[in-house]
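Asks: Mind looking at a prediction? Sequence and model below.
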2 protein chains.
Amino acid sequence: MNQKLSSLLLPLSLHNFIGRPLHLVPTPCLLIDEKAYERNLMLMKNRAKELNEMVMTRAHFKAHKCPAIAKDQIERGGAIGVCCQKLSEAVEALKAVDDVLISNEVVNVDKLRVIRNMNEISGKTISLCVDNEQIVTLIDKIMAESNEPNQKLQLVVEYNVGQNRCGTNSEEETLKLIKLIEKCKHVEFKGLQCYKGANQHIVKYEDRKEAVARVVEKVKRLLDYLSQNGVFVKYVTGGGTGTFEFEASSDVFTEIQPGSYLFGDADYGKILTSSNGKTMLEDESAFSQSLYILTTIVSKVPNTRIVVDAGLKASSLDSGVPIIADAEHRKILSNYKPGGDEHGIFEAHSEKAQELINSLNVGDVLKLIPGHVDPTFNMYDMVAFFNPDNHLITRVESITARGPGI
Amino acid sequence: MNQKLSSLLLPLSLHNFIGRPLHLVPTPCLLIDEKAYERNLMLMKNRAKELNEMVMTRAHFKAHKCPAIAKDQIERGGAIGVCCQKLSEAVEALKAVDDVLISNEVVNVDKLRVIRNMNEISGKTISLCVDNEQIVTLIDKIMAESNEPNQKLQLVVEYNVGQNRCGTNSEEETLKLIKLIEKCKHVEFKGLQCYKGANQHIVKYEDRKEAVARVVEKVKRLLDYLSQNGVFVKYVTGGGTGTFEFEASSDVFTEIQPGSYLFGDADYGKILTSSNGKTMLEDESAFSQSLYILTTIVSKVPNTRIVVDAGLKASSLDSGVPIIADAEHRKILSNYKPGGDEHGIFEAHSEKAQELINSLNVGDVLKLIPGHVDPTFNMYDMVAFFNPDNHLITRVESITARGPGI
C-alpha cells in the first residue's frame, strides 16, 4: 500500500511537463528562462576575459547545487571549476567538474575524513579553506592516515578582509598559519581566500567599487608582508556577482567566484550598474533575470487580495520578499506579504491594484522573482527551464546537493 | 565513478551515529530531546481530554513532515488523525495514519486528480478545504471521472475568521458554497475550518484568550445563520499550539490542530502561559522545548566572536533567529547574527560573553533553539532523537515530506 501511495505523486513529477505550457505546471515550481540563462552564461565568459585574461572564473556551486548547471558553466560558460560551501555540494559538483574548492572551514573529524577520501578517490583537484592552527594539524594527521600517504590536500588560508566571519585576523596570524602548513607533510599551501560578500550588495556602483578597492588594498598589504617573509602567493580567490569586475581588474585577485550572475534575485535587482540601471531588471548590458518561482493563485477576494501558493517553503525571505516578475504588474502590486509556510498574499492598495486583482483568477499562475537565489534553490529538488517565447517547459534538472549543509 | 563519489558521504549518515555522543555528530543536525518529546506527547493527550472529552485532536503533520512522528501522535499521543497543507505531506501521512485533512486550498487540475486517486486507492478518510465555487465545481467534475463513481470527497469550507488569507468572507458566501457542495454528486460537505494562526503568537495569555473568544463569537454567528438556513454543522476545525485550550473549551470547535506543541521554537518561547511563564522555556506545567539544531563552532576570534555552521540552510529566520539552548549561556550570548547560508555568528558584547567565547573551542558543538518549527524541519531530510541524560543519539527518523509544497 505504501508503494501505491507514493506512486500517486508521479503525475506531478516535473519531467512529465516537458513540452507542456507553464500554466499547467503544479506549483510552486522553480523556473529558469533558458534564453536569459544562456545569455548570462556567455556574458560572464566574455566579460571575465575582457576584464583580465589572467583571472580565472570559479563558478559558485552553492548558488544552484545542480551538477547539470555546473557542467554548463564549465563546458560553455568559461569557468575553470567551482567552489562549494559544503561536502554534499562538493561530492555532487565532482560528478560534473574536475576542480573543486571547498571555500569554507570544515572542522568535524568525520567530515575531514570524507574530504581525504574525496581527494584520494576522485583523482581531481580539491582544495579547502582553513583559518585555524589546530585544525591544520588535525587535517595533516587525518591526511596521514590516507591509503596513499604521498597525497597532499591543498589548503587555502582564508583571510578576514572585513566580512568578520571566518578567516585569520592579522598579517602575523596569516603568516604563522602558512608557515605551519608548509611544515606539515600531508597538506600544501595553495593560496588565499579574501572574500567580503557584503560588498556585493552595496547599491551604488561607485560605492561598491570603492569598497572593493579597500579590500584590494588590504590584500596588497598582506601580500607585501608575506613576500617580505619569504611567502610568495600565486592564488587569491574571492569576489562574486556584484563586484567581480573590480576583483578581476585588481591585479591582486587571480580568481573570481560568481554564482548569482546566472540567475538573479530581487536583492541583486536592487544594486545599480555603472549607468545607474537596476542589475538584472533594467540595464540590458548587465545580466538578465533568469530565475523565477512559478506560483498559482489559490484564493481571491475581489477588490481586496489574491493568495498564491508560494510561502516560506517556496522562497527564502532572508534578503527580502519575492516580487512579481512582470514589470508592469510589479509597479501596481508590489507588496508580497508572507502568509505562512504555503501562502503569499498580495493586497490591493490602489484602484489599479484592485483592477489587476479582479482580472486574475483562482488557478492562474504568476511568475515571481525570489528574494535570494541560494537559499531558494535550497528548497527545491528540481528546476525547470522554459522557453520565454512559447512558454513551454524545455528541460528539467535535479538539484542534488540541497540540504542543511552537511 | 559517480557512484563511488556518492558513497563518500555514507559515513556522515545520521544512522551511523545511533549510540554515539552528540559531540561527534556531523552538523548541522536537527535534534529532538526524547524525554521532552515524550512528555509533550502525553501532556497534549491528557490536557485535551481534560478540557473537553468531545473535542478531537488532529495533529498538524506540517510541523514535522515525518510519518514516524505522526505514528507516535496517533498511537500514543491521543490524536485521531492529522492535517496536512500539501499533497506530498498527505501522501506521506497516509502511510502512518487513517484520517487526513488537507487543511488548505488546492486548485491545480493534476493535483486534484491526485487527491481523487488518493481517496480511491487508500481507502482512508480524506478531506480537503475549499473556499471557491468554481473550484468546487471543478472538484466535482474530477471526482466524477473516478473509477469508483460512488466515492465522494469530503469538503471542508474554510471560513475567514480574521486570518485574511484563504476562506469565504461572509455568512452568505459560506452558505452559498455549502449549498453548491450539497447539490454536487461527487463531493460531500464535512464542516468548517475556522483558523486564525496569528492568535497563537499573541504574547499575553489573557489577550490570546480574548482574541480566540472573538473568533468563537464569529463562528457562533455563522453557525446560527447556517442553521437558520437549514445547514447543521457537525464539524468545526481550527486552533493550534498557542490557543488550543481556548478552542477546545469553546463548545463550538469540535477539533483542534496543534503541531508545534511537540517541539517548541524561539517564537513560541516568547508567548506566556497563564502564570506568566514563557511557554516551553520557563513554565514547567507547559510544553517543554524538545527541538534543537546541533551546530559546530567552525571559527573563533578570542574575546570577539564564534562562528557556527548553522546558517540560512539550517534554521528558518522568518519568525526570528535561533537562540542558544543553554539558559545560562543564552543570557550571556543572545545575539545570533545570520552569516549567510552556512554560518551564524555570536559576537561578544560584554566581559562575560568574552569569557564564554574564550571557554569555547573550534570543533565544539552547541545546541540552538530554531526560530520557527515548521520551515526549519522543511530544511532537513533526517531528525535524530537523543537521550538528555547521557547525550547519546537513540533514534533517527526520515523527514519524507519536506519540499517547496507540491
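Replies: Happy to help now that I have it.
Asks: Most proximal residue of the stretch 101-250 of chain A with respect to chain B?
Replies: Taking C-beta to the nearest C-beta as the measure, the stretch 101-250 of chain A has A:C166 as its residue closest to chain B, at 4.0 Å. From N, CA and C alone the C-beta is placed, and that goes for glycine too.
Asks: For that residue, the count of nearby residues, please.
Replies: For A:C166, the count of nearby residues is 28 (other C-beta atoms under 10 Å in any protein chain shown).
Asks: Which residue ranges make up the domains of chain A?
Replies: A:16-31+A:284-397, A:34-263 (the TED database).
Asks: I'd like those domains as JSON lines, with distance to B:F189 and mean pLDDT appended.
Replies: Converted to JSON lines, these look like this (distance: least, C-beta to C-beta, whole Å; pLDDT from 0 to 100):
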{"stretch": "domain A:16-31+A:284-397", "distance to B:F189": "19", "mean pLDDT": "96"}
{"stretch": "domain A:34-263", "distance to B:F189": "45", "mean pLDDT": "97"}
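Asks: May I see those domains arranged in TSV, with distance to B:H64 as well?
Replies: Output for the domains of chain A, formatted as TSV (distance: least, C-beta to C-beta, whole Å):
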stretch	distance to B:H64
domain A:16-31+A:284-397	12
domain A:34-263	22
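Asks: Tell me which residues are up against the helix ranked longest in chain A.
Replies: If you go by DSSP state H, chain A has its longest helix at helix A:205-228. For helix A:205-228, contacts defined as C-beta atoms under 8 Å, 6 or more residues apart in numbering or on different chains pick out A:159, A:161-162, A:171, A:174-175, A:178, A:192, A:194, A:196, A:199-200, A:202, A:232-233, A:236, A:238-239, A:242-243, A:246-247, A:250, A:252-253, A:271-274, A:276.
Asks: Inside helices: which ones of those residues?
Replies: A:E171, A:T174, A:L175, A:I178, A:F246, A:E247.
Asks: Run a quick neighbour tally on the closest residue in space to the third one that isn't next to it in sequence.
Replies: Closest residue to A:L175 in three dimensions, ignoring its sequence neighbours and counting by C-beta to C-beta, 6 or more residues apart in numbering or on different chains: A:N229, at 5.4 Å. Here the count is done by other C-beta under 10 Å, and A:N229 has 12 residues near it.
Asks: returning to that earlier point: check which helix or strand covers the nearest residue to the residue of the stretch 101-250 of chain A closest to chain B once chain neighbours are set aside.
Replies: Of all residues not flanking A:C166 in the chain, B:S299 sits nearest, at 4.0 Å (C-beta to C-beta, 6+ apart). Assigned by DSSP states H and E, B:S299 belongs to strand B:291-301.
Asks: Following element in sequence after that strand, please.
Replies: With DSSP H and E, the next secondary element past strand B:291-301 is strand B:305-308.
Asks: Sheet partners, orientation included, of that following strand?
Replies: Here strand B:305-308 has these sheet partners by DSSP bridges: strand B:291-301 (antiparallel), strand B:344-347 (antiparallel).
Asks: Most tightly packed of the ones you listed?
Replies: Most buried of these, by mean neighbour count (mean count of other C-beta atoms under 10 Å in any protein chain shown): strand B:291-301, with a mean of 25.
Asks: list the buried ones in stretch A:339-352?
Replies: A:G339, A:G340, A:D341, A:E342, A:H343, A:G344, A:I345, A:F346, A:E347, A:A348 (16 or more other C-beta atoms under 10 Å in any protein chain shown).
Asks: how far away is the fifth one from chain B?
Replies: Taking C-beta to the nearest C-beta, to the nearest Å as the criterion, A:H343 is separated from chain B by 6 Å.
Asks: Need the phi and psi values for that residue.
Replies: phi -140, psi 140 (degrees, to the nearest 10).
Asks: Just say helix, strand or coil for A:G78.
Replies: coil (DSSP: H, G, I helix; E, B strand; the rest coil).
Asks: which helices and strands does the strand or helix carrying A:V100 pack with?
Replies: Secondary structure from DSSP H and E places A:V100 in strand A:99-105. Applying 3 or more C-beta pairs under 8 Å, 6 or more residues apart in numbering or on different chains; DSSP states H and E, one finds that strand A:99-105 makes contact with strand A:56-60, strand A:81-84, helix A:87-94, strand A:125-130, strand A:153-158, strand B:291-301.
Asks: and the angle for the fifth one with helix A:205-228?
Replies: Relative orientation of strand A:153-158 and helix A:205-228, computed by axes from the mean of the first three to the mean of the last three C-alpha atoms, to 10 degrees: 120 degrees.
Asks: picking up where we left off before, buried residues in the longest helix of chain A, which are they?
Replies: Neighbour-count burial for helix A:205-228 flags A:Y205, A:R208, A:A211, A:V212, A:V215, A:V216, A:K218, A:V219, A:L222, A:L223, A:L226 (criterion: 16+ other C-beta under 10 Å).
Asks: Against A:H201, how distant is A:G240?
Replies: 10 Å (C-beta to C-beta, to the nearest Å).
Asks: again with A:T237
Replies: 19 Å.
Asks: what's the answer for A:C83, then?
Replies: In terms of C-beta to C-beta, A:C83 sits 19 Å off from A:H201.
Asks: the more surrounded of the two?
Replies: Set A:C83 next to A:H201 and count neighbours by other C-beta under 10 Å: A:C83 wins out with 28 against 16.
Asks: can you tell me which residues contact that one?
Replies: Counted by C-beta under 8 Å, 6+ apart, A:C83 has contacts A:R58, A:A59, A:H60, A:F61, A:K62, A:V100, A:L101, A:I102, A:S103, A:T237, A:Q257.
Asks: Recalculate using a threshold of 10 Å.
Replies: By C-beta atoms under 10 Å, 6 or more residues apart in numbering or on different chains, the residues touching A:C83 are A:58-62, A:89-90, A:93, A:99-104, A:127, A:129, A:156, A:193, A:195, A:237, A:255, A:257, A:259.
Asks: Which strand residues bridge it?
Replies: A:H60, A:L101.
Asks: if I look at it, how far off is B:D341?
Replies: 13 Å.
Asks: now A:L294
Replies: Relative to B:D341, and taking C-beta to C-beta, A:L294 is found at 23 Å.
Asks: What parts of the stretch 101-250 of chain A come near chain B?
Replies: A:103-111, A:113-118, A:120-124, A:129-135, A:138, A:158, A:160, A:163-169, A:173, A:197-198 (C-beta under 10 Å from any C-beta of the partner chain).
Asks: Return the subset of these lying in strands.
Replies: A:S103, A:N104, A:E105, A:C129, A:V130, A:E158 (DSSP state E).
Asks: Take the residues you listed and write them to CSV, including neighbour count and distance to B:K183.
Replies: CSV is the format used below for these (neighbours: other C-beta atoms under 10 Å in any protein chain shown; distance: C-beta to C-beta, whole Å):
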residue, neighbour count, distance to B:K183
A:S103, 25, 62
A:N104, 27, 60
A:E105, 25, 64
A:C129, 25, 66
A:V130, 27, 70
A:E158, 27, 68
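Asks: biggest separation within the residues you listed, which pair?
Replies: Pairwise distances across those (C-beta to C-beta) peak at 11.3 Å, for the pair A:S103 and A:V130.
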